[in-house]
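J.: Structure, please.
(4 chains)
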There are 2 protein chains.
Amino acid sequence: MAAAAAVSISTASKALNDTGRMGSETRERVKRIAAEIGYRPNALARGLLSKRSFTIGLLTNDTYGRFTLPVMAGISDALVDHGVSVFLCAIEDDPALAQIHVDAMLDKQVDGIIATGKRLDRRLPVDLSNLHVPVVYAFTEGTQNSVTFRSDDEQGARLAVEWLVKIGRRRIAHITGPEDFFSVRERAGAYHEVAGHREPVLYGVWSENWGHEAVEQLWKRPGEKPDALFCGNDQIARGAVDGLRERGVKVPQDVSVIGFDNWEIVAAQTRPPLTTVDMELKELGRQAGLTVLALAEGRPVEPGVRKLPCRLIVRQSCGGKAPTE
Amino acid sequence: MAAAAAVSISTASKALNDTGRMGSETRERVKRIAAEIGYRPNALARGLLSKRSFTIGLLTNDTYGRFTLPVMAGISDALVDHGVSVFLCAIEDDPALAQIHVDAMLDKQVDGIIATGKRLDRRLPVDLSNLHVPVVYAFTEGTQNSVTFRSDDEQGARLAVEWLVKIGRRRIAHITGPEDFFSVRERAGAYHEVAGHREPVLYGVWSENWGHEAVEQLWKRPGEKPDALFCGNDQIARGAVDGLRERGVKVPQDVSVIGFDNWEIVAAQTRPPLTTVDMELKELGRQAGLTVLALAEGRPVEPGVRKLPCRLIVRQSCGGKAPTE
DNA sequence: GTGACCTGAGAAAAGCTTTTACCAATCTCT
DNA sequence: AGAGATTGGTAAAAGCTTTTCTCAGGTCAC
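T.: Purely as a prediction, here's the structure:
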C-alpha cells in the first residue's frame, strides 16, 4: 500500500483524491510515490463504501450478436471514460440461465442493467421490473415506466421508400419477414404510406432463400414487374439480388434493391453492394449507456420510449447518387 | 442484513455457508429467514476478503465478433456454474484503449484475463505478460510460458482435403487469404501434403469478391479445370460458388466447394449450403475459461500451446454423403 | 502574553463478509 | 459429583478505501 511506502495512512487517500487539507508538498510526494510503485486503489473496497461498483450488466438473448455487438460497442464507448466496465451475459432465451446471470450481477453490485435483444416486441425471459438497480431497455420491449430505446423503423422505412421514389421508381414491391414482428408491420405501414398500395407486400422469413423465392413469385405473376424492391432486411435483399441476377434482371439498372439493417457482412459483400437502412445501434447503445449511468447517479430521467432515427446508407444496389449534403 | 432479521450477527455467515458449529435448528432457521427476505451476500465484501472476485476479463480486438462471440459463449458456459461473470472489453487495436480496459479490470480485481483476437499470429496491442493475475490466450498469439489455445488449422485443412479426395475429387485447387496469415500457410501446407502440387494455390484476401475473381482466373486458364475448390474461408467459398454458378458450372455436381470457419450466417445461407470446417471456437472458449479458473485457484497448469481439433461440417456444396458414424 | 483561529496530518469509523478466537453452559465419564 | 470435553453461539479482526473527527502545533490579533 502507498501508506507504507510513503509516511502516513489515510492521508494517502486524501492526497490521491485531491481532497481534504494538507501541504501541497506532502500531496505531491504521495502522488509521486504512488505513481512510482504503480499503486492502484482496489475498486472492490471503494465500491463497498461508495455503493458504486462502476460496473453494469448487459443482458441479451441475441446469440448471434447481430444486434448486441453494435449496442455493446456503443455502451462501452460511452462508459469507458467514466471508468465503467460491462458484464456481458448471453442468455439463450433460457429463463433459468437469465435468472442466474441477473442474480450474479446483483451480487456483484452492478450499478445498473441494460437489457437488449433481437426484436423490439419481445421481452427478455426474466423480470427486471422490481430490481433495486436501474434498468434500461435497448432494442427489446421494456416494462411500464421504464426507459426504452429503439430504432424508428417507420422513419427508416420511409427513408428507404422515399429514396426509391426520388430516384424515379414507381412500382415498388416490399419483401419482408414474418408479419408477427412489430418492426415488420411498422416498416410495411410506412411503405404503404409512401408507395401506396400498387404492389403487394410479401411476408416470409428473414432468410436469403425467402428473398430468392419472393423474386420468383413476383416475376412469375403476369403483368408488369416491379422496378424496385424494398426488402425487410439485408439477407432478404441479398437473396433477391441473386434471384434477379439469375433471371437476367440487372441490378440496379432494371430494378433497384434496398435492404434494411446495414449488416456490413451481408450488405457490403453483396454484388452490387446494398443500399440499406442503418438502425444506428451503436448510437442507441451509447445513449442507453449514458442513461443507465445517469439513473445510477440518481439524476432524473424521463421514462418512456425513445425512438432513434435511422440513416440511409447509399451503396450501389439502387442506382441514383448519394444525397447531396 | 440477515443478522438483524434473525438473532445473531456472524452466526448467520456460518449458517449460510454450512461452516462452523451450531445447532441444526438454528442453522435451518437462519437459512429460512435469509431465503424469505431474499438476502444475498455482497460479492464485493466477500471478494475483498477472499481475494477472489469471481470475475474475469475477456479482451478482444475482434470488432465484428466473428471469433469472439463463440469463444465468449464457451467461456460463459463453462464458468457460469462457478459463479464467475465476464467483463467483455473490445479494444479496436487501440493500445491506449486496451491499457485503459486492462487497468480497469485489474482495479476491479479480476481473477484472470482471457485474451482473444482475430488471428493466431498477432498479439493484442497490450502487454499482459507481467500481470499479477493469470492470463490465458485463445485464438491469438500468446507470450513465452503462457497457456495458449488455438485451432489446429493443419488438421482442419487435412480434414477438408481428405474429404474431397474421399468423394473422388482429384484436381483440387486452393483459394485462400493473404499469405502472411499463419493459418493460411498452415492450411496451404496441409493442402499440399494431401492433394499434392497438381493445382495452384491462389492467395488473395478474405472476401467474396476474391473468391469470385479467383474462379475467373482458374477458369480462364487453358487446360483442364479443377473439380474441387478448397477455400480458405466461407466468404471466399461463397464468392466462388457464385462465380461458378455464373459460368454455368454446377455445384456440387461438376465442382465440389468446401469452405472454412463454419460461419453459419455465410455457410448455411449459401446456395447450396457450404460443407465447411468448424474450428470449435466454443469448445476453445470453454477450455480457456476452465484454464483461467484453474490458474486463479492456484491449480497447476502446464504452459504451452494447445491445438484443438477442427470438425468437418457436411452440407451440400461437395456432394458425397455425411460420414457414417 | 494569551485566546481565537488555522493548518497539516493522523485516528477512527463505516461499508459487508468471513474466519478465528473465545466464553459460558451443558454433557460425559468415572 | 466434579474434571474435562463438547456444544452453541458471540465478539473481534481482517480485508481496503473514504470520510469525518480530532488534535497538536503554529499564527495572528489585540
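
J.: what's the single longest helix in chain A?
T.: Longest helix of chain A, by residue count under DSSP state H: helix A:281-296.

J.: check whether that helix contacts chain B.
T.: No. Legend: contact between helix A:281-296 and chain B by Cβ under 8 Å from any Cβ of the partner chain is lacking; minimum distance shown is 11.1 Å. From N, CA and C alone the C-beta is placed, and that goes for glycine too.

J.: which helices and strands sit right next to that helix?
T.: Taking 3 or more Cβ pairs under 8 Å, 6 or more residues apart in numbering or on different chains; DSSP states H and E as contact, the helices and strands that helix A:281-296 lies on are strand A:55-60, helix A:68-79, strand A:112-116, strand A:135-138, strand A:147-151, strand A:304-308.

J.: For my notes, please list those in a markdown table and give distance to residue A:216 and mean neighbour count for each entry.
T.: Shown next, in a markdown table, are these (distance: least, Cβ to Cβ, whole Å; neighbours: other Cβ atoms under 10 Å in any protein chain shown):
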| stretch | distance to residue A:216 | mean neighbour count |
| --- | --- | --- |
| strand A:55-60 | 35 | 25 |
| helix A:68-79 | 33 | 24 |
| strand A:112-116 | 36 | 26 |
| strand A:135-138 | 37 | 26 |
| strand A:147-151 | 30 | 23 |
| strand A:304-308 | 35 | 14 |
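
J.: Among those, single out whichever gets nearest to DNA strand C.
T.: Smallest distance to DNA strand C across the helices and strands packed on helix A:281-296 (Cβ to the nearest atom of the strand): 15.7 Å, for strand A:55-60.

J.: The closest one vs helix A:68-79, what angle?
T.: Orientation note: strand A:55-60 sits at an angle of 160 degrees relative to helix A:68-79 (axes from the mean of the first three to the mean of the last three Cα atoms, to 10 degrees).

J.: quick one: strand A:55-60 to chain centroid distance?
T.: Using Cα atoms, centre = their mean, to the nearest Å, the mean C-alpha position of strand A:55-60 is found 14 Å from that of the whole chain.

J.: swap in stretch A:226-243?
T.: 23 Å.

J.: coming back round to it: right, so of the helices and strands packed on helix A:281-296, which gets closest to residue B:299?
T.: strand A:55-60 (26.9 Å; Cβ to Cβ).

J.: re earlier: average pLDDT for the longest helix of chain A, rounded please.
T.: This predicted structure assigns helix A:281-296 an average pLDDT of 98.

J.: can I get the CA coordinates of that helix in CSV?
T.: As requested, the backbone C-alpha atoms of helix A:281-296 are provided in CSV (Å, rounded to 0.1, in the frame of the first residue of the first chain):
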residue,chain,number,x,y,z
LEU,A,281,-27.4,0.6,-33.0
LYS,A,282,-24.1,1.9,-31.7
GLU,A,283,-25.6,5.3,-31.0
LEU,A,284,-28.5,3.5,-29.4
GLY,A,285,-26.1,1.7,-27.2
ARG,A,286,-24.3,4.9,-26.3
GLN,A,287,-27.5,6.6,-25.2
ALA,A,288,-28.6,3.6,-23.3
GLY,A,289,-25.2,3.6,-21.5
LEU,A,290,-25.4,7.2,-20.6
THR,A,291,-28.9,6.8,-19.4
VAL,A,292,-28.2,3.9,-17.1
LEU,A,293,-25.3,5.9,-15.8
ALA,A,294,-27.5,8.9,-15.1
LEU,A,295,-30.0,6.8,-13.3
ALA,A,296,-27.3,5.1,-11.3
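
J.: picking that back up, which one of the helices and strands packed on helix A:281-296 lies closest to chain B?
T.: With Cβ to the nearest Cβ as the criterion, chain B lies closest to helix A:68-79 of those, at 4.6 Å.

J.: which helices and strands sit right next to that closest one?
T.: With contacts defined as 3+ Cβ pairs under 8 Å, 6+ apart, the secondary structure elements packing on helix A:68-79 are strand A:55-60, strand A:85-90, strand A:112-116, helix A:281-296, strand B:85-90.

J.: ok, the helix or strand that residue A:106 is a member of near chain B or not?
T.: Element membership for residue A:106, per DSSP states H and E: helix A:95-107. Yes. Looking at helix A:95-107 against chain B by Cβ under 8 Å from any Cβ, the contacts come from A:97, A:100-101, A:103-107.

J.: Can you flag the buried ones in these?
T.: A:97, A:100-101, A:104-107 (16 or more other Cβ atoms under 10 Å in any protein chain shown).

J.: how close does the most centrally placed residue in chain A sit to DNA strand C?
T.: For chain A, the residue lying nearest the average C-alpha position, counting by Cα atoms, centre = their mean, turns out to be residue A:281 (3.0 Å). From residue A:281 across to DNA strand C, the span is 37 Å (Cβ to the nearest atom of the strand, to the nearest Å).

J.: again with residue A:253
T.: In terms of Cβ to the nearest atom of the strand, residue A:253 sits 68 Å off from DNA strand C.

J.: Could you do residue A:54 as well?
T.: From residue A:54 over to DNA strand C the distance is 15 Å, taken as Cβ to the nearest atom of the strand.

J.: host element of residue A:218?
T.: Short version: residue A:218 belongs to helix A:208-220, going by DSSP H and E.

J.: on contacts alone, who are the packing partners of that helix?
T.: In this structure, helix A:208-220 packs against strand A:172-176, strand A:201-203, helix A:234-246, with contacts taken as 3+ Cβ pairs under 8 Å, 6+ apart.

J.: Average pLDDT for that helix, rounded please.
T.: Across helix A:208-220, pLDDT averages out at 96.

J.: Then stretch A:246-253?
T.: Here stretch A:246-253 scores 93 as its mean pLDDT.
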